[in-house]
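In: Turn this into a structure:
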Amino acid sequence: MSARIAAALVLGAACAAIPRGERRSYEFPPSFDATQAVTVTLEGRTQELVASLRRRGDDFDLTLFDPVFSFPLLTSSSHGGVATEVRHVERVRPGDGKRLVELLVLVYETRYPLPVAGAAEASVGAVRSRLEQLPGDAPCQFPGVILVSPRFGAGPQVSVRTVEVLCGGP
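Out: As a prediction, the model looks like this:
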């Protein structure tokens with residue numbers, strides 16, 4: 001049985017027990033601007049970054065900043081399904097921005113199973129993501145913490161703390 005079929009069955013079973021009219025899953029708002037503190041851990045090394053993320057429907061714009069000097073390290077976008085990047089410093093490897101924005105699209109467009117105790121998890125492709133501190137009745141339903149890790153093998157562990165978010169916008 002494929003992972004997608006298994007996930008659909010689990011999600012379907014979970015949703016069957018929920019009365020109609022109640023929220024059955026969590027989805028990120030279709031339009032938002034967020035400032036986030038990002039911690040990336042890989043092979044025992046940790047890097048802190050600040051992210052400015054904008055979503056308008058299927059389009060995403062991201063800029064990563066150095067947290068101390070506030071200069072941009074990388075700008076990456078996905079518009080119409082096409083990823084682009086602008087590296088502002090040489091230490092960012094070519095292609096990392098495109099891979100990053102493709103990962104963001106995957107995480108932010110996923111429909112997460114019904115949150116339990118303020119958290120929700122989903123695995124899509126090679127990535128597992130966990131959303132924590134989901135607000136119950138806030139007008140802008142956005143998680144306080146997003147954890148992203150590889151499903152298989154070693155790889156970067158990413159922890160994102162939402163500092164500020166504004167939903168809606170043009």
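
In: Show the residue spans covered by the helices in the chain.
Out: When secondary structure is read from DSSP state H, the chain shows helices at 3-16, 96-109.

In: confidence score at the closest residue in space to residue 27 that isn't next to it in sequence?
Out: Spatial nearest neighbour of residue 27, chain neighbours left out: residue 111 (5.3 Å); criterion: Cβ to Cβ, 6 or more residues apart in numbering. The C-beta positions use only the backbone N, C-alpha and C, and glycine is treated the same way. Note on residue 111: pLDDT of 93.

In: same question, residue 99
Out: On pLDDT, residue 99 comes in at 89.

In: That one: what's it in contact with?
Out: By Cβ atoms under 8 Å, 6 or more residues apart in numbering, the contact set of residue 99 is empty.

In: State the number of residues packed around residue 78.
Out: Using other Cβ atoms under 10 Å, the number of residues around residue 78 comes to 20.

In: what's near enough to touch it?
Out: 58, 59, 60, 84, 101, 102, 104, 105.

In: now the second one, nearest residue through space, not along the chain?
Out: The one in question is residue 59. That would be residue 79: by Cβ to Cβ, 6+ apart, it lies 4.8 Å from residue 59.

In: Perfect, I'm done here.
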